[in-house]
Structure formats: C-alpha cells, structure tokens
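**Q** mind looking at a prediction? Sequence and model below.
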Amino acid sequence: MAFSELLDQVGSLGWFQGLQTVALVVPIMWLNTHNLVDNFSGAVPSHRCWVPLLDNSTAQASGPEALGPEALLAVSIPLGPNHGPHQCRRFRHPQWQLLDPNATATNWSEAATEPCVDGWVYDRSTFTSTIVAEWDLVCDSQVLKTMSQSIFLAGVLVGAAIFGRVSDRWLAESARWLLITGRLEKGLRELQRVAAINGKKAVRDALTKEVLLSALQEELSVSQAPTGLGTLLCTPGLRLRTCASTLCWFAFGFTFYGLALDLQTLDSNIFLFQVLIGVLDIPAKIGSLMLLRCVGRRTIQAASLVLAGLCILANVLVPLEMRYLRSALAVLGLECIGVAFTCITIYSGELFPTVLRMTALGLGQVAARGGAMLGPLMRLLGKHHPTLPLLVYGTVPVLSGLTALLLPETQSLPLPDTIQDVQNQAVKKATARTRKHPVVKSTQF
C-alpha cells in the first residue's frame, strides 16, 4: 500500500482538515486587517503652517478688519507645488503686496519664507485624529511615518520566526514530512489523531509502525538526504526553482505593501477605494483559482506579475487630473498582485519535494516580508522625483514575472516527494523536448 492510499484511509478531506483551515484563516483575517489599518490611523490630512494672522485671536484683532480669511491666507502662506497653500513653509512677514490685483503669486522669494516653526494647522473634517496630526509627522518628519511602517513589518517578520515555533503545539505538522525526516513515532501519532478526528477509528486502531514502514519504503530510503537551505541553493535541479520563486515572493511583498500602505497617493477617497479593493478581491481570488486549474501555474504567475507592473507603470504617464483612470489602474494592479500571491502560494508547494517544501515556503515568506519592509521605504525616492516610486514598484513585478517563465509547469503533476523526483521531472521534460525537436550532432573536420 502506497503512502497516498494510507492518507486517503485516514481521511484526506474531513473534520480535521476543516478545523486546520479555520485555525489558519481566522488569525490571517485579523492580521491583514491590522496590516492595512495604517491607511486610516496614519492618514495625512491637509495641513499648512500655523500663522498668527489666521490662528492667533490677538493677531486677528490687531490686523486689518476688512480682509477675509482667504486674503489673510494669501499674504501669510505661499503657494505650493499643487497650486494650493504650501504645506511646509510660511512667509516670515505678511506679504501685503500680493493683495494688489496686478501682483502674481510668484512675487516673492525663497528668502522671504521660513519652515513651520510654530507647528501646523490640520484639516480635521475627514480624519478627526491620526498619528500624523498627533505627532506632526509631516514635511521634514514625514520620513518617520514611513519608517514606522517598515519597523512594524519588520516586527511581523520577527514575530513569524518566534511564534511559528509556538504554533507547532496546536497546528499539526505534515505526517509525510515527519516520517521522511525519521520521526516515526510522532508521524504515527499525527496520523492516528487525524483518523480519530475524521471518525476513522478502525483505521486508527490498525495503524502501526509496520504499516507505516511498508508504505514508506521509497520515502524512508532518502530520509538521510540533506534538507537544509544549502540544499535548495546548491542542488542543480532546485537552484533555479528556489531563486525564481523567491523573487516572485519578494515582488509580491515589495509591491503590495509599498502601494497598499499609502492609498492616499492613489485616490483621494481612501474609504471608497479600500472598500472597492476588498469587494473586487473576492472574485479575483476565486477567478485565479479557476484559471490555475485551466491555464496552469507558470502562465498565471508570470501574467499576473507582469500585468500588475504594467498597470503601475502606466500610472506614471497618466496625468493627475485623470483621477478615475489612475484609480482604475491602481485597483487593477493591486488585484493582479493579489492573484500573484494566490498563485505563488500554491505554485511553491508544487515546485519542491516534501523534504524541502516547508524550507522553501519559509524562504519565500521571509523574502515576501523582507520586500514588505523595503516597500514603504521606496516612497522616500519621491523627494527626488514624484514618479520614481511608481517606476520602482512597476519594474520589480515585471522583471519577476518574466523570471517566472523559467520555472517548470506543475499543473496535473504529482507532488514530488524527494529531490530525485524533481530531477526525474527535469529529465523527462528534456527527453520530451528532444523527441519533439531532435538534434543531429556532427563532428567538425
């Protein structure tokens, strides 16, 4: 009896698998909600420098009575790059000459301005309180908000390493992996527990070491093979798979968190924008699963990453005035990144043998979280040119998607259990190519 048949007997789809799914899905839902809450708790409201003529009652009383707030704002705050009141500078002294109908808004010099030495005034009509307004994380201090996002995501990475070990106490490990790595007793107990929860008591009582050993003849013969990170990077049949899949993981974390943690730059109404992304994400995930069954893993992986990158790069060319088109491209790009994540999660598990599958997935998760840490920091490039962050966010998934084309297709193939299985797949693929396109070798004279 093969080991796959033994798994079917203990129950391949039952109460045990359902409980495992719930145990995984519920914490992930809360985690994702917390990951994106910074769009609201850390939103940047409209702001300008505090100026006495507008914000000090004493100065208002002594100022010209005939002037309204708009006129006082014009003589107190210079125009910014967006043709509105400058967010980070104010006039040292009121520029009364700007009230002349023949004067222009550019009739002032940089020397006539100064930073917001007395603080800022924030528009609290949309966000009554945010960490940005609370701690003045604007202008020269705006880098601190970006740093806080990266530090939070670094904490997620460290927490995953620490609490991943703790979760082993209540999440069952792969019985096949336990048995292949020589933990026969623990693997037997896991299988018995699965059979008991799935209501297969007769199968549980019949499970013995002898039954397992007979079902794992081939698997146990390679139980002493190296299963560390070095094997993934040094084995010829696995090196390319490891590098290409890890790059796909990195591209997801880098691009998704770089964009999704700063939705204000993509659309003015982030409440509607967030709801729209969430609503469209459900059919996108369902559709991606259907496409994976019909089209294949490699094609969907490459297409989703490349399309996401092209949507982001297209926004570099779209004028800011075309807000709806920019929002549509942003939504499409984010949804494609979500499809890429769904695909790489499934694809990675099929690319690597059982003895190395969790190591490869762990490496991919580390790459994704490392990319997530770097993603928000790329927004700092906007100080040099506003389009630089989008150029980087778009280029990375395009290059990663093209790299995914180097991976083998795994659709409808059995999961490899050993390194030899992976190498055999490569040999079969090369043999099939040779039969389709025979090569005639000749000696040179």
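**A** Yes, it's here.

**Q** so residue 313 is in contact with residue 392, correct?
**A** No - using C-beta atoms under 8 Å, residue 313 makes no contact with residue 392, being 10.2 Å away. All C-beta spots, glycine's among them, are computed from the backbone N, C-alpha and C.

**Q** next, show the common contact partners of these two.
**A** Residues within reach of residue 313 and of residue 392 at once, by C-beta atoms under 8 Å, 6 or more residues apart in numbering: there are none.

**Q** mean confidence (pLDDT) on stretch 409-416, please.
**A** Stretch 409-416 comes out with an average pLDDT of 84.

**Q** buried residues, it. List them.
**A** By neighbour count with 16 or more other C-beta atoms under 10 Å, stretch 409-416 contains the buried residues 410, 416.

**Q** who's in contact with it?
**A** Here stretch 409-416 has contacts from 292-293, 296-299, 347, 349-354, 422, 425, using C-beta under 8 Å, 6+ apart.

**Q** ranking those residues by neighbours, who comes first?
**A** residue 351 (27 neighbours; other C-beta atoms under 10 Å).

**Q** that one: what's it in contact with?
**A** Neighbours of residue 351 in contact, by C-beta under 8 Å, 6+ apart: 241, 245, 360, 407-408, 410.

**Q** most neighbours of all those, which one?
**A** Most neighbours among those, by other C-beta under 10 Å: residue 245, with 26 neighbours.

**Q** for residue 9, which non-adjacent residue is closest in space?
**A** residue 203 (5.0 Å; C-beta to C-beta, 6 or more residues apart in numbering).

**Q** which strand or helix spans that neighbour?
**A** helix 201-206 (DSSP states H and E).

**Q** tell me the buried residues in whichever helix or strand comes after that helix?
**A** Where DSSP H and E defines the elements, the next helix or strand beyond helix 201-206 is helix 209-215. When neighbours are counted by 16+ other C-beta under 10 Å, the buried residues of helix 209-215 are found to be 211-212, 215.

**Q** show me the shaky parts of the stretch 151-300 of the chain.
**A** For the stretch 151-300 of the chain, applying pLDDT under 70 flags the ranges 164-168, 170-174, 176-177, 180-181, 217-227, 267-268.

**Q** if we can go back for a sec, distance check, the residue nearest to residue 9 against residue 77.
**A** Remark: distance between residue 203 and residue 77 (C-beta to C-beta, to the nearest Å) = 77 Å.

**Q** burial measure for residue 280, as a count.
**A** 15.

**Q** let me redo that: residue 244
**A** When counting by other C-beta under 10 Å, one arrives at 20 neighbours for residue 244.

**Q** and if you look at the one 4 residues further on?
**A** Residue 248 sits with 27 neighbouring residues when counted by other C-beta under 10 Å.

**Q** quick check: phi and psi at it.
**A** phi -70, psi -40 (degrees, to the nearest 10).

**Q** wait, it sits on residue 404?
**A** Yes - with contact defined as C-beta under 8 Å, residue 248 counts as touching residue 404 (5.6 Å).

**Q** what residues of stretch 33-46 count as buried?
**A** In stretch 33-46, counting by 16+ other C-beta under 10 Å, buried: 35, 38-39, 42-45.

**Q** including distance to residue 97, could these go into a markdown table?
**A** Shown next, in a markdown table, are the buried residues of stretch 33-46 (distance: C-beta to C-beta, whole Å):
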| residue | distance to residue 97 |
| --- | --- |
| 35 | 50 |
| 38 | 43 |
| 39 | 42 |
| 42 | 39 |
| 43 | 37 |
| 44 | 32 |
| 45 | 31 |
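
**Q** keep only those of those residues that are in helices.
**A** Among those, the ones falling in helices (DSSP state H) are 35, 38-39.

**Q** list the contacts of the residue nearest to residue 9.
**A** 9-10, 195.

**Q** now flag whichever of those residues is closest to residue 317.
**A** Closest to residue 317 out of the contacts of residue 203 is residue 10 (56.5 Å), distances taken as C-beta to C-beta.

**Q** what does the model give the closest one for pLDDT?
**A** 81.

**Q** go on, residue 399?
**A** At residue 399, pLDDT is 96.

**Q** how close does the residue nearest to residue 9 sit to residue 210?
**A** For residue 203, the distance to residue 210 (C-beta to C-beta) stands at 15 Å.

**Q** again with residue 90
**A** 84 Å.

**Q** one more: residue 285?
**A** 44 Å.

**Q** now do residue 360
**A** Taking C-beta to C-beta, one finds residue 360 at 32 Å from residue 210.

**Q** name the element the residue sitting nearest the centre point of the chain belongs to?
**A** When C-alpha atoms, centre = their mean is applied to the chain, the residue found nearest the centroid is residue 253 (2.9 Å). Following DSSP H and E, one finds residue 253 within helix 236-260.

**Q** now, which of the contacts of residue 203 sits nearest residue 322?
**A** Using C-beta to C-beta, the contacts of residue 203 come closest to residue 322 at residue 10, 57.7 Å.
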